[in-house]
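Student: got a structure for you, letters missing:
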């Protein structure tokens, strides 16, 4: 077989529709465009932004300004009062937080926030811990370990 002998499979190609070639052809006169109107004219039709009299989408949202940073980091936020469910002396890590269903998206890093109080010593392993949360954890007799995170 040579390149000039290649042909598409039977039924894989269709002949193009020849419009405007008389009424016997079935697509004569208006050539399948209907009668009159914007879409019947050459170059007719509306722009992508046209919404038929509605206020266009890009004019309805004047407050959408600026940009979203493409590489921003979204953290799973966990407060201290949520850690009260852990037993004294246990290790709080992203894996144990997933088991307790405290994370929204387990692929994102974990930050421990200082809202609430902690009454028992815990070993907290997270990607980020606020100063207030660290102080409360260490005041309760616990310790903090910072984990490395990469996308």
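Tutor: Now that the structure is in, tell me what you want to look at. Computed from a predicted structure; not experimentally measured.

Student: from residue 109, how far off is residue 127?
Tutor: Per Cβ to Cβ, to the nearest Å, residue 127 is found 4 Å from residue 109. Heads up, the C-betas are built off the backbone N, CA and C, glycines and all.

Student: mind listing the shared neighbours of these two?
Tutor: Contact criterion Cβ atoms under 8 Å, 6 or more residues apart in numbering; residues shared by residue 127 and residue 109: 75, 147, 149.

Student: what subset of those residues is buried?
Tutor: For the shared contacts of residue 127 and residue 109, a neighbour count by 16 or more other Cβ atoms under 10 Å gives the buried set as residue 75.

Student: take the shared contacts of residue 127 and residue 109 and lay them out in CSV including distance to residue 36.
Tutor: Below are the shared contacts of residue 127 and residue 109 laid out as CSV (distance: Cβ to Cβ, whole Å):
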residue, distance to residue 36
75, 60
147, 69
149, 64
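
Student: so which of the shared contacts of residue 127 and residue 109 sits lowest on pLDDT?
Tutor: Lowest pLDDT among the shared contacts of residue 127 and residue 109: residue 149, with 85.

Student: helix or strand for that residue, which one?
Tutor: Secondary-structure assignment from DSSP states H and E places residue 149 in no helical or strand segment.

Student: list the contacts for it?
Tutor: With contacts defined as Cβ under 8 Å, 6+ apart, the neighbours of residue 149 are 109, 127.

Student: roughly how far apart are it and residue 94?
Tutor: Where residue 94 is concerned, residue 149 sits at a distance of 9 Å (Cβ to Cβ).
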